[in-house]
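Trainee: A structural model of the following input is requested.
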Amino acid sequence: MDNKICSKCNRELPLTDDYFNRRKDSKDGFRNICRECKGNTFGNKRKNEAVVYNDRTKKCNKCGRRLPLDSNHFRKSNKTKDGFQGTCKECKGLSFNDNTGTWNEYENNILINYYSNTEKEKLLELLPERTWIAITYQASKILKLKRNRSLNRLQNGKRKCKECDLILDENINNFSKDKDGFRATCKVCEKKIYEEKRRNNNVITNKLKQEKLMEGLKYCYKCATWKSLDNFYIDHDDINKIHHWCIECDRKYYFKINYGDKYLKYYDKNNKYIDILGNKYYSMPEVIISNWLIENNIKFNKQPKYKDYIENDTTKRRFDWIIFINNKEYLIEYFGMWYKNSKSKIVNNYIVKSKKKIKDIYKNNLFNKCILIFPNDIKNSKLDYIFNNL
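Mentor: Numbering: from 1, shown residues only. Now for the predicted structure:
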């Protein structure tokens, strides 16, 4: 008989199944470590188990006693060859001949008749020897319910919400679907849970916006702060819409685009825009026009009165600029809120007043001396085309 030295304890032992476990990958067909170093005893364990099984007895893994192989001493199991668990009932805290694991017909009838209609406390009173986990497990077997989510399903086509405990019809209107069927929580509770998770992750949700809007606050996405509604522009297209950025962030953005990193020289905190020469205006498009005039060496004056050019005019209206080109004077009027497709009352009233200005310019023969500029002219960079044709 061949011998083999254990690589762990360095003992020379017979090369058999009693001393070494088998291994297909090795040359001799056995492992390098003996059975004792592996935590087992020498000898053929499989033969001993077969003898125990044939004698209808079984050795408990915990206490080591040999007991009859029946339901009075061992609990049943589908995972073992003999159909019983490895530890006896006494080692599990039960007494022999205790068959509480099996459900009788009376208990099963209680589950069939009362599980879907009664509360947890009443079921525990009807089945005092059973725990709630055991009741739900047995109910899922008898009623053919899937574990976890489907335990809230009732027999009459209804489902109990796991969060709010409301009994609702089991349909798409009340519960969302997934791979296994309907979910355990209703759609209302799902929205609440999803809303809480997003708020915990510092997400600005639509519901949070509406709540803050009722308090007179709005979130600026540029500076990431909540501010009062007075700090935001109203959208000209729709008076109910408010800009996403506050006035300060909006103005800084326009100044950076037009002046670069040195925009602070032309930035005024008193809600006014400043051109290259330091002239102050109320809108950025006016600054763009003013800078264009300065860069092209065109002399101008700000806000001449209508009275000086229109007889019998008693209004306080003013033109935006008067420029001097080739010893001629030209009046400039910029209509900054001219948006025809707007639904805002403020914009529509502004357009009505602007049309009156244009009529007065035609009546008094000032059309050849007047230059009308609209927002689209600045967007499309038409200033060169407008002034080069003078």
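Trainee: which parts of the longest helix along the chain are buried?
Mentor: Criterion DSSP state H: the longest helix present in the chain is helix 345-363. Within helix 345-363, the residues that count as buried by 16 or more other Cβ atoms under 10 Å are 347, 350, 354, 357, 360-361. Placement of C-beta: from N, CA and C, glycine included.
Trainee: where does K141 land in three-state SS?
Mentor: Under DSSP: H, G, I helix; E, B strand; the rest coil, K141 falls in the helix class.
Trainee: Count the residues that sit near it.
Mentor: Counted with other Cβ atoms under 10 Å, residues neighbouring K141 total 12.
Trainee: before we move on, what about R35?
Mentor: Neighbour count for R35, taken as other Cβ under 10 Å: 19.
Trainee: Please apply the same query to S7.
Mentor: So S7, with other Cβ under 10 Å, has 11 neighbours.
Trainee: Now do the same for it: its pLDDT.
Mentor: The per-residue pLDDT reported for S7 equals 89.
Trainee: List the contacts of the very next helix or strand once past the longest helix of the chain.
Mentor: Following helix 345-363 in sequence order, the next helix or strand is strand 370-373 (DSSP states H and E). Residues from elsewhere that reach strand 370-373 (Cβ atoms under 8 Å, 6 or more residues apart in numbering): 289, 319, 330-335, 358, 361, 383, 386-387, 390.
Trainee: Can you tell me which of those are buried?
Mentor: Buried by 16+ other Cβ under 10 Å: 289, 319, 330-335, 361, 383, 387, out of those.
Trainee: out of those, which one sits closest to D28?
Mentor: L383 (94.8 Å; Cβ to Cβ).
Trainee: The closest one contacts L293, correct?
Mentor: No: taking Cβ atoms under 8 Å as the definition, L383 is not a contact partner of L293, at 9.1 Å.
Trainee: joint contacts of those two?
Mentor: With contacts defined as Cβ under 8 Å, 6+ apart, no residue is adjacent to both L383 and L293.
Trainee: worst-scoring helix or strand of this structure, pLDDT-wise?
Mentor: Least confident helix or strand, the chain: helix 45-54 with a mean of 42, by mean pLDDT, DSSP states H and E.
Trainee: Which SSE is immediately downstream of that one?
Mentor: Using DSSP H and E, the helix or strand that directly follows helix 45-54 along the chain is strand 57-59.
Trainee: Partner strands of that following strand and their direction?
Mentor: strand 66-68 (antiparallel) (DSSP bridges).
Trainee: Can you tell me what sits against the partner strand?
Mentor: With contact meaning Cβ under 8 Å, 6+ apart, strand 66-68 is reached by 52, 56-60, 73-74, 88.
Trainee: The helix or strand encompassing K218 - contacts with which helices or strands?
Mentor: Assigned by DSSP H and E, K218 falls within strand 217-220. If you count contacts as 3 or more Cβ pairs under 8 Å, 6 or more residues apart in numbering; DSSP states H and E, strand 217-220 packs onto helix 206-214, strand 225-228, strand 242-246.
Trainee: isn't F84 right up against L69?
Mentor: Yes: the pair F84 / L69 is scored as a contact, 6.2 Å apart, by Cβ under 8 Å.
Trainee: shared neighbours, the two?
Mentor: With contacts defined as Cβ under 8 Å, 6+ apart, the residues shared by F84 and L69 are K58.
Trainee: rewinding a little: closest one to D2 out of the contacts of strand 66-68, please.
Mentor: Looking at the contacts of strand 66-68 and their distance to D2, the nearest is V52, at 30.7 Å (Cβ to Cβ).
Trainee: Check the secondary structure at the residue positioned nearest the centre of the chain for me.
Mentor: In the chain, the centroid-proximal residue (Cα atoms, centre = their mean) is R198; its distance is 5.2 Å. What three-state DSSP gives for R198 is helix.
Trainee: which residues sit in contact with the nearest residue to it once chain neighbours are set aside?
Mentor: Spatially, and ignoring its direct neighbours in sequence, R198 is nearest to T205 (5.3 Å; Cβ to Cβ, 6 or more residues apart in numbering). By Cβ under 8 Å, 6+ apart, T205 lies in contact with 195, 198-199.
Trainee: Next, give me the two most distant ones among the buried ones among the contacts of strand 370-373.
Mentor: Pairwise distances across the buried ones among the contacts of strand 370-373 (Cβ to Cβ) peak at 20.0 Å, for the pair I361 and L383.
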